[in-house]
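> Show me the folded form of this:
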Amino acid sequence: MAGILFIISAPSGSGKSTLVSELRKQVSGVDFAISWTTRAPRGSEENGREYNFTTREEFERMIAADVFLEHAEVFGQFYGTARQSLSEARSAGHDLLLDIDVQGAAQVRSKMPEAVSIFVLPPNPKVLRTRLRNRSRAEGVVNEAELYRRLSEASQEIENYRQYGYILVNDILDRAVAQLEAIVLAERFYRNGEAIAYRSRRVLEVAAACLQHNSQDRLKPVLEAFGIDGTSGQQQLPFGDDPDDD
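Next up is the predicted model:
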């Protein structure tokens, strides 16, 4: 039976890479599509592990050859997912998880509307700012101009949350991991009839609570913190600094 395509998107610094890593430790049969990118490796990143790194010229050649299921230009760099990742997962009967931005997610949904889409939110701008700064420090470079550009971009990305079926607020890691796991198991249950061996009712309840239309009360304070009107999904306030951050 063909696997399920899961899309997960989030602003940079929201912790989705950690969530994906923890999910794959706990749930078998989930392949991860390693994206291609033209940006340089950061910190301890290795080619073929976090990303497949390539040149802009080669990426453009791959676009012309229709290699990608989706691709987008983000922060001046190209990112893309090769079609081969999906065909290989399906051949193995595995699910495939795509870690892609909102542009790429929109492309995939237009081609594969049956895909399960999940958006991960940081709890507030202050937490996101701290995560971004800590990551920059770990990589050995703290660029404040780049940091605030990413914060501004984050608020714009969050406006797209309504395009996703499931919403996770990554405030407590263990809880967010449990919610992501529940979503995967619930989708397997509903689509493929796969049994949930342990606490099935609770797993389905946790997944259902993460559906976008069931998440409005939980989302309201997060959206307000980023200056976004939850009724329209549009940013209402300028995204500024938090005087209590430092």
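> what about the strands in this protein?
With DSSP state E as the criterion, the chain has strands at 5-9, 30-32, 36-37, 52-53, 68-74, 77-82, 95-99, 116-121, 166-169, 228-229, 234-235.
> Please identify which of these is closest to V141.
Smallest distance to V141 across these (C-beta to C-beta): 16.1 Å, for strand 77-82. Every residue, glycine included, has its C-beta placed from N, CA and C.
> Could you name the helices and strands sitting against the closest one?
Using 3 or more C-beta pairs under 8 Å, 6 or more residues apart in numbering; DSSP states H and E, the elements in contact with strand 77-82 are strand 36-37, helix 56-64, strand 68-74, helix 102-111.
> at 10 Å what do you get?
strand 36-37, helix 56-64, strand 68-74, strand 95-99, helix 102-111 (3 or more C-beta pairs under 10 Å, 6 or more residues apart in numbering; DSSP states H and E).
> contacts for the shortest one?
Going back to what we said before, that points to strand 36-37. The contact list for strand 36-37 (C-beta atoms under 10 Å, 6 or more residues apart in numbering) reads 50-54, 58-59, 62, 67-68, 71, 74, 77-82.
> Give me the buried entries from the residues you listed.
Buried members of the contacts of strand 36-37, counted by 16 or more other C-beta atoms under 10 Å: 50-51, 54, 59, 62, 67-68, 71, 74, 78-82.
> rewinding a little: mind putting the strands of the chain in TSV, mean pLDDT and distance to F189 included?
Converted to TSV, the strands of the chain look like this (pLDDT from 0 to 100; distance: least, C-beta to C-beta, whole Å):
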stretch	mean pLDDT	distance to F189
strand 5-9	97	14
strand 30-32	96	15
strand 36-37	97	33
strand 52-53	98	33
strand 68-74	92	26
strand 77-82	96	26
strand 95-99	95	13
strand 116-121	97	12
strand 166-169	97	15
strand 228-229	84	33
strand 234-235	54	35
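> export these to TSV and tack on distance to R137?
As requested, the strands of the chain are arranged in TSV below (distance: least, C-beta to C-beta, whole Å):
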stretch	distance to R137
strand 5-9	25
strand 30-32	26
strand 36-37	22
strand 52-53	22
strand 68-74	22
strand 77-82	22
strand 95-99	23
strand 116-121	22
strand 166-169	25
strand 228-229	28
strand 234-235	28
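> between the ones you listed, which one is nearest to S17?
strand 95-99 (6.9 Å).
> I'd like the distance between N214 and R56.
42 Å (C-beta to C-beta, to the nearest Å).
> Help me confirm that A178 comes into contact with V206.
Yes. Counting by C-beta atoms under 10 Å, V206 is a contact partner of A178 at 6.7 Å.
> Which strands or helices does the longest helix along the chain pack on?
For the chain, the helix with the greatest residue count under DSSP state H is helix 173-192. Where contact means 3+ C-beta pairs under 10 Å, 6+ apart, helix 173-192 is packed against strand 5-9, helix 16-26, strand 30-32, strand 95-99, strand 116-121, strand 166-169, helix 200-209.
> Low-confidence bits of the protein, can you list those?
1-2, 138-140, 142, 197-199, 230-246 (pLDDT under 70).
> circling back to that earlier point, save the helices and strands packed on helix 173-192 as CSV, and put in mean neighbour count and distance to Q156 too.
Listed next are the helices and strands packed on helix 173-192 as CSV, based on neighbours: other C-beta atoms under 10 Å; distance: least, C-beta to C-beta, whole Å:
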stretch, mean neighbour count, distance to Q156
strand 5-9, 24, 13
helix 16-26, 16, 17
strand 30-32, 18, 26
strand 95-99, 24, 19
strand 116-121, 24, 13
strand 166-169, 24, 17
helix 200-209, 15, 27
